[in-house]
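*Asks:* predicted model, plus sequence, below.
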Amino acid sequence: MERLPPPVAFGLPDKFTSWRKGQDRACERITDPEPRFLIQNCPTGFGKSLTYVTASQLIEGRTVILTSTKGLQSQLASEFEGLALDIRGRGNYPCRLNTKVTCDAGICAFGAKCALRDEGGCTYYDLVRRARKSKVVVTNYAYWMSQNEYGTGLGEFDLLVLDEAHAAPGHLIDHIGVGFSKKYKFEESRLGLKGSLPSSHSGWASWAESRLQGLRIEHDRAVDNRKTKLVLSLRKLMGKLERLETISPDWIWVMDDYRVELEPTWPGPYSEDFLFLKIPKILLTSATVVPKTASLLGIEVEDAKFETYPSSFPVENRRVTHLPTVRMNFRITDLEQRLWINKIDQIIKPRLGTKGIIHTVSYARRDFVMERSRYSDEMMTHDTKSAESAVRWFKEPDSPSILVSPSMATGWDFPEDQCRWQIIVKVPYPDLRGNIMKTRDKADKMYVPYLIAQLLVQAAGRAVRSETDWAECFVLDNNIQWWIPKHQDLLPGWFSGAYRQMATIPKPMKGGI
């Protein structure tokens, strides 16, 4: 097959003077009109963003790119500056009539006419108008679904790119689902969450309808009195109740002392209306996307094509090594826990002075490591609110060299000397105690294994980010011995090819091949 000219020939930034292996072929596949759904498993470092941004320049129509986080959105907009217009929610833009608030709390949010919004000069609505005319738009899943459901949309598109597509089912459920906090006084005082709650679908719909009447009156009064924060809080709560007014029999819910959560069992029935929107060509791309991802989104096999691309990273630089230790479960004994923590310390000892991450899956296991390891003085951790600041600190040269965390498996990159080794202490089983997870597990026995595969592969890929980068990854849980052979179809080939088992801890790597 004749190779495409380099990306720079199609208007890409000057630095893109050549293709990496497989990129040009992946780009050409994206421009094919059929099938409607193209699923590309592109390993870490493949450079998938270059393929779909180049494809956006090759097709005649418009392209919208969805990312999982605002950070990834900013990265795309910066890397392809001038080609992709970045847009996000109103709360990210200052109101020019009241610089103390953002556009979601400006005067137009209270029903007042705003000349800047309608005639030009508004930081947000000017950008919306530009986005409707732009050839390439980059935004996040949450904004895309909210803008199309509650706003005026961003215009017609010919290509929809779902970046980090493995996360798309979760983003869709997050958008559709409804959650209430029993500890949040605002919601509790208006809904009576600690009292008797419905136990049927029709009951939830009636419950929501009855509470909306009073909230609408309170909302109108707050608008008249210009109580900004109250108006925004009431609108958010009213939106949740309006969703519940149309709850369907496929929804499930869980309630405990802290929260009430209601979600559809599966996102598939809602994909077209909230995510796909009849767009003729849709690309799902990720390092961990598999056919099961498409199934969860309701994509039929005959409407899709799945492609997988090999890793260009040397396998010896990204090995995933199982070191037989113990089976990690609730039956683990005190002796087994000592064996487990000793194995962690044996891995750490010759690697002191280089940075490493210990993935603990749970906070309880994190605390156990921090308390029992001989190298706790070299360790740092975080809570649910301080993860971002902890990562910044960990990446500093003079910070503690070991990050112990239950939540670093996704969303973070640690290239080069920022991380040279990782330990995954347990196969990452999700919590199955809630009714929502129990229902999904019962309805589809491959759902929980799919979640495990996603977290396992994502965790292993945090450290090695380029062809010259290298890091060791160790798995200690003996459950992986039976789990991987049983679920090979949920794992990308580039990960399976790097997996091995060793009886003894290898000597520390000193550099990649």
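*Replies:* Arrived safely, thanks for sending.
*Asks:* gap between the closest residue to Lys48 other than its chain neighbours and Ala287?
*Replies:* Leaving out its chain neighbours, the residue that sits closest to Lys48 by C-beta to C-beta, 6 or more residues apart in numbering is Cys42, at 4.1 Å. For glycine as for every other residue, the C-beta is placed from the backbone atoms N, C-alpha and C. From Cys42 across to Ala287, the span is 6 Å (C-beta to C-beta, to the nearest Å).
*Asks:* tell me which other helices or strands the lowest-mean-pLDDT helix or strand in the chain touches.
*Replies:* When the helices and strands of the chain are compared on mean pLDDT, DSSP states H and E, helix 70-79 comes out lowest with a mean of 86. Contact partners of helix 70-79 among helices and strands, from 3 or more C-beta pairs under 8 Å, 6 or more residues apart in numbering; DSSP states H and E: helix 48-58, strand 63-67, strand 85-86, strand 136-140.
*Asks:* follow-up on the earlier one: of Cys42 and Ala287, who's got more company?
*Replies:* Between Cys42 and Ala287, Cys42 has the larger neighbour count (other C-beta atoms under 10 Å), namely 26 against 22.
*Asks:* check contacts around that one.
*Replies:* 26, 48, 51, 285-287, 309 (C-beta atoms under 8 Å, 6 or more residues apart in numbering).
*Asks:* tell me how far Lys292 lies from Leu284.
*Replies:* 12 Å.
*Asks:* neighbour count winner among the two?
*Replies:* Of the pair Lys292 and Leu284, Leu284 is the one with more neighbours under other C-beta under 10 Å, namely 24 against 20.
*Asks:* ok, back up a step: right, so the helices and strands packed on helix 70-79: which one is the most enclosed?
*Replies:* The densest packing among the helices and strands packed on helix 70-79, expressed as mean neighbour count by mean count of other C-beta atoms under 10 Å, is seen in strand 63-67 with a mean of 26.
*Asks:* in the sheet, who's paired with Leu66?
*Replies:* In this structure, Leu66 has the following beta-bridge partners (DSSP bridges): Thr139, Leu162.
*Asks:* surely it is in contact with Val161?
*Replies:* Yes: if you go by C-beta atoms under 8 Å, Leu66 and Val161 touch, sitting 6.6 Å apart.
*Asks:* determine the longest helix present in the chain.
*Replies:* Using DSSP state H to assign secondary structure, the helix with the most residues in the chain is helix 201-224.
*Asks:* ok, residues contacting it?
*Replies:* Residues from elsewhere that reach helix 201-224 (C-beta under 8 Å, 6+ apart): 110-111, 190-191, 197-198, 230-231, 234-235, 237-238, 241-249, 251, 253, 262.
*Asks:* again, only this time at 7 Å
*Replies:* Residues from elsewhere that reach helix 201-224 (C-beta atoms under 7 Å, 6 or more residues apart in numbering): 110-111, 190-191, 198, 230-231, 234-235, 237-238, 241-242, 244-245, 247, 249, 251, 262.
*Asks:* which residues touch Leu159?
*Replies:* Contacts were defined as C-beta under 7 Å, 6+ apart; by that measure Leu159 touches 56, 59, 61, 63, 281, 283.
*Asks:* not counting sequence-adjacent ones, nearest residue to the first one?
*Replies:* Read that as Ser56. Counting by C-beta to C-beta, 6+ apart, the nearest residue to Ser56 once its immediate chain neighbours are dropped is Thr63, at 3.8 Å.
*Asks:* against Gln418, how distant is that neighbour?
*Replies:* For Thr63 relative to Gln418 (C-beta to C-beta), the value is 32 Å.
*Asks:* got the phi and psi for His322?
*Replies:* Backbone geometry at His322, expressed as degrees, to the nearest 10, gives phi -90, psi 120.
*Asks:* my read: the residue nearest to Ser56 touches Val53, true?
*Replies:* No: checked against C-beta atoms under 7 Å, the pair Thr63 and Val53 is beyond contact range at 8.2 Å.
*Asks:* domains for this protein, by residue range?
*Replies:* Residue ranges for each domain of the chain read 7-89+124-173+267-308, 183-257, 315-501, as given by automatic domain parsing.
*Asks:* and those as JSON lines, adding distance to Asp118?
*Replies:* Formatted as JSON lines, those follow (distance: least, C-beta to C-beta, whole Å):
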{"stretch": "domain 7-89+124-173+267-308", "distance to Asp118": "8"}
{"stretch": "domain 183-257", "distance to Asp118": "19"}
{"stretch": "domain 315-501", "distance to Asp118": "38"}
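*Asks:* out of these, flag the one nearest Gly106.
*Replies:* Gly106 lies closest to domain 7-89+124-173+267-308 among these, at 8.4 Å (C-beta to C-beta).
*Asks:* for the closest one, measure first residue to last.
*Replies:* Counting by C-alpha to C-alpha, to the nearest Å, you get 21 Å between the two ends of domain 7-89+124-173+267-308.
*Asks:* low-confidence stretches in the chain?
*Replies:* Residues of the chain meeting the criterion pLDDT under 70: 1-2, 512-513.
*Asks:* swap the cut-off to 80 and go again
*Replies:* Counting by pLDDT under 80, the ranges of the chain that qualify are 1-3, 109-112, 409-411, 511-513.
*Asks:* ok, back up a step: what separates the residue nearest to Ser56 from Pro350, distance-wise?
*Replies:* Computed with C-beta to C-beta, the distance linking Thr63 and Pro350 is 49 Å.
*Asks:* ok, back up a step: where helices are concerned, which of the contacts of helix 201-224 count?
*Replies:* Under the assignment DSSP H, the contacts of helix 201-224 contribute 190-191, 230-231, 234-235, 237-238, 241-242, 244-245 to helices.
*Asks:* just these now: which is nearest Ala77?
*Replies:* Taking C-beta to C-beta as the measure, Ala77 sits nearest to Arg235 out of the ones in helices among the contacts of helix 201-224, at 28.5 Å.
*Asks:* for that closest one, give me its contacts.
*Replies:* His219.
*Asks:* please redo it, this time with the cut-off set to 10 Å
*Replies:* 104, 109, 150, 215, 219, 222-223 (C-beta atoms under 10 Å, 6 or more residues apart in numbering).
*Asks:* cool, Tyr270 as well?
*Replies:* Counted by C-beta under 10 Å, 6+ apart, Tyr270 has contacts 145, 172-173, 175-176, 248, 250, 264, 276, 297-298.
*Asks:* just the buried ones from the residues you listed, in ChimeraX syntax?
*Replies:* The ChimeraX command for the buried members of those (criterion: 16 or more other C-beta atoms under 10 Å) is given here:
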select :145,172,173,175,176,264,276,297,298
